[in-house]
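Enquirer: Fold the following, please.
(chains A and B)
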Amino acid sequence: SQKIEQNSEALNIQEGKTATLTCNYTNYSPAYLQWYRQDPGRGPVFLLLIRENEKEKRKERLKVTFDTTLKQSLFHITASQPADSATYLCALAVSYGNNRLAFGKGNQVVVIP
Amino acid sequence: DTAVSQTPKYLVTQMGNDKSIKCEQNLGHDTMYWYKQDSKKFLKIMFSYNNKELIINETVPNRFSPKSPDKAHLNLHINSLELGDSAVYFCASSQSLGDYEQYFGPGTRLTVT
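Expert: Numbering: from 1, shown residues only, chains lettered A, B, ... in the order given. Take a look at the predicted model:
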């Protein structure tokens, strides 16, 4: 069966350190993958998109990697700040051409001042 | 200047009632979506429209009927509400089909009693 797995335990991290989140998937062949941030009571906000032929993407303090052999994406927040505390969702493109996304359950990050 | 707006934000209603949720986007996007986020926080696609044409129609009860009067609006009508319909419903839009980021609305929390 198809699965998208993100760590269900919250990641508690000290301010200034790098937070690393993992998204593993099985029985998908996504053409691209997206990461979103969701704050309590709000809609998800897009952060980064990475395509299957790209190894790494960066945006400010964020970095995403995509390994289609391992079927894994890693999401890094460098120099983390308390304002980075949120839930981060991994989303896979289920089929190309209609932007149909399958979301993981999300991984909560808590940055401790 | 809200990009994707939904009304109402909260909806409390009794089983068996019919209700609608409205969504509007002012981004000039061609594609709009409805998602359901249940109590376990899984975000699942329900429908998508591109230029008023139905593109994605997931396996949802036919009590749920989307309507797109124009490409800036996508409404969701739910007939004969059931307890299991209680969830947060998110509307989203993207520039078009393909590998574009999705912009989410603030969500409508539906509670069926």
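
Enquirer: CA atoms for contacts and neighbours, from now on please.
Expert: Noted.

Enquirer: which residue is nearest the centroid of chain B?
Expert: Centroid-nearest residue in chain B, with C-alpha atoms, centre = their mean: B:Trp34, separated by 3.1 Å.

Enquirer: give the contact list for the residue nearest to it when sequence neighbours are not counted.
Expert: Distances taken as C-alpha to C-alpha, 6 or more residues apart in numbering or on different chains place B:Cys91 nearest to B:Trp34, at 4.7 Å, with adjacent residues excluded. B:Cys91 makes contact with B:4, B:6, B:23, B:32-35, B:104-105, B:107 under the criterion C-alpha atoms under 8 Å, 6 or more residues apart in numbering or on different chains.

Enquirer: tell me the mean pLDDT for stretch A:83-92?
Expert: Stretch A:83-92 carries an average pLDDT of 98.

Enquirer: So is that stretch next to chain B?
Expert: No. For a cut-off given as C-alpha under 8 Å from any C-alpha of the partner chain, stretch A:83-92 has no contacts with chain B; the smallest distance is 9.3 Å.

Enquirer: what's in contact with that stretch?
Expert: For stretch A:83-92, contacts defined as C-alpha under 8 Å, 6+ apart pick out A:6, A:23, A:30, A:32-40, A:101-111.

Enquirer: Now narrow those to whatever sits close to chain B.
Expert: Restricting the contacts of stretch A:83-92 to those touching chain B (C-alpha under 8 Å from any C-alpha) yields A:32, A:34, A:101-106.

Enquirer: quick one: which of those residues is most hemmed in?
Expert: A:Gly106 (29 neighbours; other C-alpha atoms under 10 Å in any protein chain shown).

Enquirer: beta partners for the closest residue to that residue other than its chain neighbours?
Expert: Spatial nearest neighbour of A:Gly106, excluding adjacent residues (C-alpha to C-alpha, 6+ apart): A:Leu89 at 4.3 Å. When bridges are called by DSSP bridges, A:Leu89 pairs up with A:Tyr36.

Enquirer: looking at it, A:Pro102 is touching B:Met46, isn't it?
Expert: Careful, residue A:102 is Ala; it's not Pro. No. Judged on C-alpha atoms under 8 Å, A:Ala102 makes no contact with B:Met46 at a distance of 11.0 Å.

Enquirer: hey, what's A:Ile77 bridged with?
Expert: Assessed by DSSP bridges, A:Ile77 has beta-bridge partners A:Ala19, A:Leu62.

Enquirer: roughly how far apart are B:Val112 and chain A?
Expert: For B:Val112, the distance to chain A (C-alpha to the nearest C-alpha, to the nearest Å) stands at 18 Å.

Enquirer: residues near that residue, how many?
Expert: Neighbours of B:Val112 (other C-alpha under 10 Å): 18.
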